[in-house]
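Visitor: quick one: sequence plus predicted model below, questions after.
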Amino acid sequence: MIRPSVLLFAFVISAPALYRYVLDQLDLTDVLLRFVIAVPIAALLLAALRFVTAGYGRTDEDEGEATAVTPTPVDVHEMERPA
């Protein structure tokens, strides 16, 4: 089954040929041939994009609870005096 995003991307790729058909510069068979060629190219490009972005947002580590940190009081006047 072809994804709708592939068909939409193939349509965008072959849109200049469709525009030239509207201007009566190309034949309908040429436009359809360019669309048929654009479908596997769009499928490969979108598959590569899905492959590259598949790992984003995933972590292999078990995210347990956060490490507890106890604050230590600091005297402000000690920080202002030069050493």
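Guide: Yep, it's here. Numbers count the residues shown, from 1 in each chain.
Visitor: from here on, contacts and neighbour counts on C-alpha atoms
Guide: Noted.
Visitor: all helices of the chain, in order?
Guide: 4-13, 15-22, 28-53, 76-80 (DSSP state H).
Visitor: tell me the mean pLDDT over the last one?
Guide: The pLDDT scores in helix 76-80 average 63.
Visitor: before we move on, back to that, mind putting the helices of the chain into a markdown table with mean neighbour count?
Guide: Output for these, formatted as a markdown table (neighbours: other CA atoms under 10 Å):
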| stretch | mean neighbour count |
| --- | --- |
| helix 4-13 | 16 |
| helix 15-22 | 16 |
| helix 28-53 | 15 |
| helix 76-80 | 8 |
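Visitor: tell me which of those sits nearest to Val69.
Guide: Nearest to Val69, of all those, is helix 76-80, at 20.4 Å by CA to CA.
Visitor: residues contacting Val74?
Guide: Counting by CA atoms under 8 Å, 6 or more residues apart in numbering, Val74 makes contact with nothing.
Visitor: can you tell me how far it is from Thr67?
Guide: The gap separating Val74 from Thr67 is 21 Å, by CA to CA, to the nearest Å.
Visitor: below-threshold pLDDT in this structure: ranges please.
Guide: For the chain, residues meeting the criterion pLDDT under 70 lie at 59-64, 76-83.
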